[in-house]
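Q: Okay, here's the prediction I keep looking at, along with the sequence it came from:
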2 protein chains.
Amino acid sequence: MYRKEIKVVDCTVRDGGLMNKWQFSDEFVKGVYDACVEAGVDYMEIGYISSEKAFDRKEMGPWKFCAEKDLRRIVGENNTKVKLSAMADIGRIGFDDIPMAADSAIDMMRVACYVHQMDKAVELAHHCMDKGYEATINLMAVSKVNEHDLEEALADVAKSRVPIFYLVDSFGSMHCESIQHLLTKYQEALPGKEIGIHAHNNMQLAMSNTITALMGGATYLDATLLGMGRGAGNCPVEILIAFLKNPKYRLLPLLKAIQEQILPWQQKIDWGYHVPYLITGALNEHPRSAMAWMDSERKNDFVSFMKEMHDYELLE
Amino acid sequence: MYRKEIKVVDCTVRDGGLMNKWQFSDEFVKGVYDACVEAGVDYMEIGYISSEKAFDRKEMGPWKFCAEKDLRRIVGENNTKVKLSAMADIGRIGFDDIPMAADSAIDMMRVACYVHQMDKAVELAHHCMDKGYEATINLMAVSKVNEHDLEEALADVAKSRVPIFYLVDSFGSMHCESIQHLLTKYQEALPGKEIGIHAHNNMQLAMSNTITALMGGATYLDATLLGMGRGAGNCPVEILIAFLKNPKYRLLPLLKAIQEQILPWQQKIDWGYHVPYLITGALNEHPRSAMAWMDSERKNDFVSFMKEMHDYELLE
């Protein structure tokens, strides 16, 4: 599966932080960073870039903000081949909060948006590009978007200068056919742009959906150590690297980071395949209700959770 | 994904028993059985059928043998739509040990074999058919079989009366392309026969490989509750049922069995995705070394396990 254009994007800190409000120690983030460097991972997404006014530092750890002083403590000058990326949510960051790329450790800004925010997403991505960053747009929750709205949004992206567009399975509800269908749609609507894939594991299909997208021509592949990420988590980067058998990547440093940094967190928070996440995924719903259930004392009462879901008859 | 011919085969007790020597309580086996009945699962594989001379009852639980008295304690007359199957290993069962189907609770015998045992497998399957059973042949470890040997074995099966042949990913090393390649090969070599799929989850591809086979025309789909099975486990039956959205199946009874019967075992034994299983899967090796590692005190020292694997350079 060797293809020169493939870029593996480790999102452990950014997506994993959705499970612990980015309360990672510096040692953890440095461990993930060192692993990415040694493994030859192309990008490390180190967090969200957010305005200090949008969230409280007392609640959210540093990787919700990606302030320059925090970044530099981990990566110094980042004289490595790993590029750093940060995710920007529409409305949570002002243009003035974003430094010039030349003054920042961040190389790439990934703008996450819902379909009705596409014009704002293009505007923010253009702004980042004008400041010297690479940029992507990641359209979330596409499994809930109707065809007309999607086509309008894609037309906006097609007209933009943004070179990379992401297929995001936010709810973990897709399988190979839906991935292939959307990928083809994106490719046809966006000639000359590269496509990325960001999968969730609610139906244990994150790895295979990533492969499906890769085989269909996607080049940016998101993954996380041991699949650490929101809810059911993501495509595990160690499986992806083992699968790619690409000489530019090494597996061993990733395994080291898993055993040293990730396993202790696995004792504390419940990402990964669990039945409540299957239920929201199969229903094509946001995982928030499953996450709340997993945080409750009834986490293992799957029957009650399914009965509480509004339209559980669908699955009964 | 509605297709009338689809048969879901729950292998929880048989494959899960590989992790605990079939030391399940009657309550557990009855819980799985009741769930299969209520969920509309087509077959329940309740264990191996083995000669009492081949294994010690002091070491192995009843579901290594599937003696009639043990079966009846669970299923009585089995006046339900669920059919029972048992797996037979070549050399572990004599013809004389197999009762007539009319006298047995078992409906289907599945003969597991390696490629060099295919003539014996056909002979045993024919014997079972002559006694009134349905029969399948499940060719194990096919990812290690060279093309010539595979074609010879398929020619033997083609000439046989055995109506169902299984694609088995014993090492969890396959992905959609290898599944599709083998499935097409099996279908071309075995006109008129049905194909089954039995996947393992070493690379988190068991569910997707099962879907790939289903879409390619496989009709017998093996799965287990919460993926319980040897090493990395199997395709989780609850995901498969949620995915199929077939009105003949119900998800809720499976969730009940998971929370009541399977979760307690999850505290005791380590099936499912773990890094040592990824390593053997990616190397296309039997999981036994990973299972031994997972039973040791160094289970979470993935780096050392990878270094101990003979040809770890492949993945380094």
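A: Alright, I've got the coordinates. Residues are numbered from 1 along each chain as shown, chains lettered A, B, ... in the order given.
Q: Report the closest residue of the stretch 201-316 of chain A relative to chain B.
A: Nearest to chain B, among the residues of the stretch 201-316 of chain A, is A:Ser208, at 3.2 Å (C-beta to the nearest C-beta). From N, CA and C alone the C-beta is placed, and that goes for glycine too.
Q: now that residue: how far from A:Asn78?
A: As judged by C-beta to C-beta, to the nearest Å, A:Ser208 and A:Asn78 stand 33 Å apart.
Q: So for these two, which sits in the more crowded spot?
A: A:Ser208 (26 against 18; other C-beta atoms under 10 Å in any protein chain shown).
Q: Show residues contacting the helix or strand where that one lies.
A: For A:Ser208, the host element (DSSP states H and E) is helix A:206-216. Helix A:206-216 has contacts (C-beta atoms under 8 Å, 6 or more residues apart in numbering or on different chains) with A:1, A:3, A:6, A:167, A:169, A:172, A:174-176, A:179-180, A:183-184, A:187, A:195, A:197, A:199-201, A:221-223, A:227, A:232-236, A:239-240, A:243, B:175-177, B:203-205, B:207-209.
Q: after it, next one along is what?
A: By DSSP H and E, the next helix or strand past helix A:206-216 is strand A:220-223.
Q: Check whether that following strand comes close enough to chain B to count as a contact.
A: No - using C-beta under 8 Å from any C-beta of the partner chain, strand A:220-223 never reaches chain B; the gap is at least 11.2 Å.
Q: Name the strands paired with that strand and say parallel or antiparallel.
A: When sheet partners are counted by DSSP bridges, strand A:220-223 sits next to strand A:7-10 (parallel), strand A:194-198 (parallel).
Q: what distance separates that strand from the centre of its chain?
A: Chain-centre distance of strand A:220-223: 8 Å, with C-alpha atoms, centre = their mean, to the nearest Å.
Q: same thing with stretch A:194-205?
A: The answer for stretch A:194-205 is 9 Å, by C-alpha atoms, centre = their mean.
Q: got the CA coordinates for that stretch in CSV?
A: What follows is stretch A:194-205, C-alpha atoms only, in CSV (Å, rounded to 0.1, in the frame of the first residue of the first chain):
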residue,chain,number,x,y,z
GLU,A,194,-6.7,16.4,-1.9
ILE,A,195,-9.1,14.4,0.3
GLY,A,196,-8.6,13.4,3.9
ILE,A,197,-10.4,10.8,6.0
HIS,A,198,-11.3,11.0,9.7
ALA,A,199,-13.2,8.0,11.0
HIS,A,200,-14.8,6.9,14.3
ASN,A,201,-15.0,3.4,15.6
ASN,A,202,-18.6,3.0,16.8
MET,A,203,-19.2,0.0,14.5
GLN,A,204,-15.5,-1.1,14.6
LEU,A,205,-15.2,0.2,11.1
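Q: Can you point out the buried residues in that stretch?
A: For stretch A:194-205, a neighbour-count test (16 or more other C-beta atoms under 10 Å in any protein chain shown) marks A:Glu194, A:Ile195, A:Gly196, A:Ile197, A:His198, A:Ala199, A:His200, A:Asn201, A:Asn202, A:Met203, A:Gln204, A:Leu205 as buried.
Q: repeat for stretch A:166-184
A: A:166-176, A:178-180, A:182-183.
Q: How about stretch A:286-303?
A: A:Pro287, A:Ser289, A:Ala290, A:Met291, A:Trp293, A:Met294, A:Lys299, A:Asn300, A:Asp301, A:Phe302, A:Val303.
Q: what does stretch A:47-65 contact?
A: Under C-beta under 8 Å, 6+ apart, the answer for stretch A:47-65 is A:13-14, A:17, A:20-24, A:29, A:46, A:66-67, A:70, A:86-89, A:91-94, A:97-98, A:106, A:109.
Q: Quick one: mean pLDDT for it?
A: For stretch A:47-65, mean pLDDT rounds to 97.
Q: Just the buried positions in that stretch, please.
A: A:Gly47, A:Tyr48, A:Ile49, A:Ser50, A:Ala54, A:Phe55, A:Met60, A:Gly61, A:Pro62, A:Trp63, A:Lys64, A:Phe65.
Q: do stretch A:247-260 as well
A: Buried residues in stretch A:247-260, defined by neighbour count with 16+ other C-beta under 10 Å: A:Tyr249, A:Arg250, A:Leu251, A:Leu252, A:Pro253, A:Leu254, A:Leu255, A:Lys256, A:Ala257, A:Ile258, A:Gln259.
Q: As TSV, the buried residues of stretch A:286-303 with secondary structure would be great.
A: Listed next are the buried residues of stretch A:286-303 as TSV, based on DSSP: H, G, I helix; E, B strand; the rest coil:
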residue	secondary structure
A:Pro287	coil
A:Ser289	helix
A:Ala290	helix
A:Met291	helix
A:Trp293	helix
A:Met294	helix
A:Lys299	coil
A:Asn300	coil
A:Asp301	coil
A:Phe302	helix
A:Val303	helix
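Q: Kindly reformat the residues you listed as JSON lines containing distance to chain B and pLDDT.
A: Converted to JSON lines, the buried residues of stretch A:286-303 look like this (distance: C-beta to the nearest C-beta, whole Å; pLDDT from 0 to 100):
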{"residue": "A:Pro287", "distance to chain B": "15", "pLDDT": "95"}
{"residue": "A:Ser289", "distance to chain B": "16", "pLDDT": "95"}
{"residue": "A:Ala290", "distance to chain B": "13", "pLDDT": "96"}
{"residue": "A:Met291", "distance to chain B": "18", "pLDDT": "96"}
{"residue": "A:Trp293", "distance to chain B": "12", "pLDDT": "96"}
{"residue": "A:Met294", "distance to chain B": "13", "pLDDT": "96"}
{"residue": "A:Lys299", "distance to chain B": "10", "pLDDT": "96"}
{"residue": "A:Asn300", "distance to chain B": "5", "pLDDT": "97"}
{"residue": "A:Asp301", "distance to chain B": "6", "pLDDT": "97"}
{"residue": "A:Phe302", "distance to chain B": "4", "pLDDT": "96"}
{"residue": "A:Val303", "distance to chain B": "5", "pLDDT": "95"}
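Q: got CSV for those, with distance to A:Glu152 too?
A: Listed next are the buried residues of stretch A:286-303 as CSV, based on distance: C-beta to C-beta, whole Å:
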residue, distance to A:Glu152
A:Pro287, 27
A:Ser289, 29
A:Ala290, 31
A:Met291, 31
A:Trp293, 35
A:Met294, 36
A:Lys299, 40
A:Asn300, 43
A:Asp301, 42
A:Phe302, 39
A:Val303, 41
